[in-house]
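Asker: Fold the following for me, if possible:
(2 chains, ligands or ions: 3)
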Amino acid sequence: MAYGATFHKSSRQLEDEGPAFVYTPENRARFDEIITRYPPDRKRSAVLPALYLAQYQQGYITANAIRHIAELLEITRADVEDVVTYYTMFYTRPVGKFVVNVCRTLSCAINGAERVTEALCGKLGIKPGETDASGTFTLMEVECLGACDRAPAVMVNDAWQECVTPESAGQLIDDLRARGEDALSGCHHVIEKMKAKG
Amino acid sequence: MAIEPVLTRYVREPNSFTLDFYLQHEGYDALKAALAKKPDEIIEMVTAAGLRGRGGAGFPTGLKWKFVDKKVEPRYIVCNADESEPGTFKDHLLMERNPHLLIEGCAIGCYAIGAKVAYIYIRGEFFHVQTVLERAIDEAYAKGILGKNIFGSGFDCDVFVHRGAGAYEAGEETALLESLEGKRAQPRNKPPFPALVGVYGKPTAVNNVETLCNVPSIIMKGAEWYSSLGPEKNGGPKLYCVSGHVKRPGVYEASMSITLRELIEGYAGGVREGRTLKAVIPGGSSVPILLPDQLDTVASFDAIQKAGSLLGSAAIVVLDDTTCMVWLAENLLHFYRHESCGKCTPCREGTDWLHKILHRIERGEGQMRDLDLLSSISGNIGGKTLCAFGDAAVTPVLTTLKHFRHEYEAHIKQGRCTLPAPWRAQHPVGAH
Ligand SMILES: Cc1cc2nc3c(=O)[nH]c(=O)nc-3n(C[C@H](O)[C@H](O)[C@H](O)COP(=O)(O)O)c2cc1C
Ligand code: SF4
Ligand code: FES
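Answerer: Ligands and ions are numbered 1, 2, ... in the order given. Coordinates of the predicted model:
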């Protein structure tokens, strides 16, 4: 919205209105369980988990989702928006099916993270922060993921891929296209665990 | 010094994260033993053991628990599992491979300070770890180890996991409490400290994951055993995160009488073939650099401080001769600029300004007077902000200027980066 003569801040439009939003029955049930973890007069504590539920349901956070959450938590929309705009893991625009987050902080950088990003940019034809034409991949550069011993580390949606090279990064894109999230090898400890469980 | 691992003893066992495995290896015996003692006795034991917080500041845990206002109800344990200090990945290992140890530590902590609820605040990027942790908590409830009347003692304890959403500053304890209350992760004024006014305005002990994981062994083996594991006031087992230019990066458990050399050259295999060591950051991104001639420093809280740096979160980042120190400062200031919570002006504006200057020097577009500007801006941030983030953010600038001023000058004189590393991109991209 332009700041014209008729502009009033109550009419500002920060978030995409999006389609009408209510939780699915499953998500509503999860929400109802989550709020029991906090004191009854402190429902606001559930705002981060509530936003995650909305984001998993719809891919990103819209003004309608914010309104729904604000009503359920009995806080203002501004309270929710304040949180959404602070934390980097919430998206206020549509993103690709796979959000590829390359760690750019020291231990990853000195082990070649920049070259991984460069390879991904070339492969996808986009720059960090952008989504490819097919709407499948969004590329991001993020700060230390806490996986510095397996640098460079990449997080795809909620899963990790470690010790990535420019070559393996390109291959990862092909594999994600072909096999979806199964393509991710993930954290090495998790792999051991899956092996152990068979 | 090498010790029999206490925290990571079983982490390589395939089922180390399951309750069955944990129970087969003396799991929850410490909780049982603790419940047979008075809460004050537990606090006394932890105090006598000399356990110091593993989150960064090394504050005595017993003292922190003593400070918790026992007259006010309810009280809380909040476990800091935000682990966002660059170079740190030890809590990750503990939660993923030994989650019951943390749950046991939380429960004992609750009993000691008279809390009935512990919240584990875990960073949003650790979702795969959170899954393991939540499954472990469910198992514990199912066996009556959490919930009402634990082991028939009359003690009730709930443990909940709370997921963050991408904010380094949420690791600062009061910012973490704000975040847990459903607000932006921006710090509160201290005092009052969380021990008096914490989450929901109630007395709260904020303890790091590794800190709480140390408690069960103190209960089982005693304060004397614990403190004898390391130098005076630096007792117990310690997890070190070694990353960067080493052959075997990883988490290594040792006593705090080990030297940096043993950690870097022994455990981590030293720098790679054909390279030489240039510098070591011993405690995460925010502490002063140590030089190769300081490698024989003992990696304890006190010895590293005496050597002019800090042990912090024991994140040892090793840098070899391919590392440009101007680039390093720029890389870290990019981090701090991005992560500043924005509450105080010197930090919010200053980190951005520092990053801009570093970026232009690194590209060869700097001028000599920029060096004084860097010092002057840093001086106007350090010590002038609400939380310790400000001091942390200027450290990479000041420490590289102090030890590697010649690299800054070379960039400016030659109009280019004088040490373009092989691991950098040919055409650096990125949303700078
Ligand atoms: C900017 C900043 C970030 C911090 N990040 C963390 C963190 O990620 N994890 C942590 O345990 N402590 C972190 N701390 C330290 C906490 O404020 C607090 O001292 C610690 O959680 C206390 O636990 P401890 O006594 O067991 O170490 C951070 C402090 C600051 C100033
Ligand atoms: S020093 Fe920085 S991070 Fe800390 S409160 Fe101030 S603005 Fe926020
Ligand atoms: S620096 Fe990349 S995960 Fe820590």
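
Asker: Would you map out the domains in the chain?
Answerer: With no chain named, the answer covers chain A. Listed domain ranges for chain A are A:25-86, A:98-197 (source: automatic domain parsing).

Asker: Sorry, I should have been clearer: chain B.
Answerer: For chain B, automatic domain parsing gives the domain ranges B:19-227, B:237-319, B:325-414.

Asker: quick one, which of those domains is nearest to ligand 3?
Answerer: Set against ligand 3 and scored by Cβ to the nearest ligand atom, the domains of chain B come closest in domain B:19-227, at 5.3 Å. Any C-beta I mention is one placed from the backbone N, CA and C, and that applies to glycine too.

Asker: and the longest helix along chain A, what does it pack onto?
Answerer: Criterion DSSP state H: the longest helix present in chain A is helix A:166-179. Applying 3 or more Cβ pairs under 8 Å, 6 or more residues apart in numbering or on different chains; DSSP states H and E, we find helix A:166-179 packed against helix A:113-124, strand A:154-156.

Asker: Other residues contacting the first one?
Answerer: Applying Cβ atoms under 8 Å, 6 or more residues apart in numbering or on different chains, the set of residues contacting helix A:113-124 from outside is A:100, A:102-104, A:127-128, A:132, A:137, A:139, A:141, A:151-152, A:154, A:164-167, A:169-170, A:173, B:423-430.

Asker: Name the residues of stretch A:34-46 that are buried.
Answerer: Within stretch A:34-46, the residues that count as buried by 16 or more other Cβ atoms under 10 Å in any protein chain shown are A:34, A:35, A:37, A:38, A:42, A:43, A:44, A:45, A:46.

Asker: hmm, who's touching that stretch?
Answerer: Contacts to stretch A:34-46, defined as Cβ under 8 Å, 6+ apart, come from residues A:31, A:49-50, A:72-75, A:79, B:158, B:160, B:162, B:180-183, B:200.

Asker: Show me the strands in the stretch 101-250 of chain B, by range?
Answerer: Using DSSP state E, counting those that start in this stretch, the strands assigned to the stretch 101-250 of chain B run over residues B:117-122, B:158-163, B:204-208, B:237-244, B:250-255.

Asker: roughly how far apart are residue A:28 and ligand 1?
Answerer: Counting by Cβ to the nearest ligand atom, to the nearest Å, the gap from residue A:28 to ligand 1 is 33 Å.

Asker: Now that residue: closest residue in space, sequence neighbours ignored.
Answerer: Leaving aside its chain neighbours, residue A:28 sits nearest to residue A:22 (7.7 Å; criterion: Cβ to Cβ, 6 or more residues apart in numbering or on different chains).

Asker: SS state for that neighbour?
Answerer: In three-state terms, and counting by DSSP: H, G, I helix; E, B strand; the rest coil, residue A:22 is coil.

Asker: shaky segments in chain A?
Answerer: Low-confidence segments of chain A (pLDDT under 70): A:1-15, A:186-198.

Asker: ok, residue B:9 to ligand 3 distance?
Answerer: Separation of residue B:9 from ligand 3 (Cβ to the nearest ligand atom) stands at 25 Å.

Asker: now that residue: how far from residue B:19?
Answerer: Going from residue B:9 to residue B:19 by Cβ to Cβ, to the nearest Å gives 17 Å.

Asker: Ok, residue B:375 next?
Answerer: Noted for residue B:375: a distance of 55 Å to residue B:19, by Cβ to Cβ.

Asker: More neighbours: those two, which one.
Answerer: The neighbour comparison of residue B:375 against residue B:19 (other Cβ atoms under 10 Å in any protein chain shown) goes to residue B:19, with 21 against 15.

Asker: Excluding chain neighbours, give the residue nearest to that one in space.
Answerer: Closest to residue B:19 by Cβ to Cβ, 6+ apart is residue B:139, at 4.1 Å.

Asker: re the thing from before, of the contacts of stretch A:34-46 - the most surrounded one?
Answerer: residue A:50 (27 neighbours).

Asker: okay, now residue B:336: neighbour count?
Answerer: Other residues within reach of residue B:336, judged by other Cβ under 10 Å, total 28.

Asker: Could I get the contacting residues of it?
Answerer: B:351, B:354, B:355, B:389, B:392, B:393, B:396 are the contacts of residue B:336 under Cβ under 8 Å, 6+ apart.

Asker: of the contacts of helix A:113-124, buried ones?
Answerer: A:100, A:102-104, A:128, A:132, A:137, A:139, A:141, A:151-152, A:154, A:164, A:166, A:169-170, A:173, B:423-425, B:429-430.

Asker: now, which of those lie close to ligand 3?
Answerer: A:103, A:151 (Cβ under 6 Å from any ligand atom).

Asker: re the thing from before, taking the contacts of residue B:336 one by one, which sit in helices?
Answerer: Applying DSSP H to those, the entries found in helices are B:351, B:354, B:355, B:389, B:392, B:393, B:396.

Asker: and the closest residue to ligand 2 within chain A, what are its phi and psi?
Answerer: Nearest residue of chain A to ligand 2 (Cβ to the nearest ligand atom) works out as residue A:86 at 11.4 Å. For residue A:86, the backbone dihedrals (degrees, to the nearest 10) come out as phi -90, psi -40.

Asker: quick revisit: relative to residue B:120, which of the ones in helices among the contacts of residue B:336 is nearest.
Answerer: Ranked by distance to residue B:120 (Cβ to Cβ), these are led by residue B:389 at 22.5 Å.

Asker: Please report how far the closest one lies from residue B:400.
Answerer: Taking Cβ to Cβ as the measure, residue B:389 and residue B:400 are separated by 19 Å.

Asker: how about the nearest residue to the residue nearest the centre of chain A, chain neighbours excluded?
Answerer: With distances taken as Cα atoms, centre = their mean, residue A:89 lies nearest the centre of chain A, 4.5 Å away. The shortest distance from residue A:89 to any non-neighbouring residue, by Cβ to Cβ, 6+ apart, is to residue B:166 (3.8 Å).

Asker: ok, the one you found - contacts?
Answerer: Counting by Cβ under 8 Å, 6+ apart, residue B:166 touches A:87, A:88, A:89, A:142, B:123, B:124, B:125.

Asker: at 7 Å instead, please
Answerer: A:87, A:88, A:89, B:124, B:125 (Cβ atoms under 7 Å, 6 or more residues apart in numbering or on different chains).

Asker: I'd say the residue nearest to the centre of chain A and residue B:163 touch.
Answerer: No. Here residue A:89 lies out of contact with residue B:163, judged by Cβ atoms under 7 Å, at a distance of 9.2 Å.
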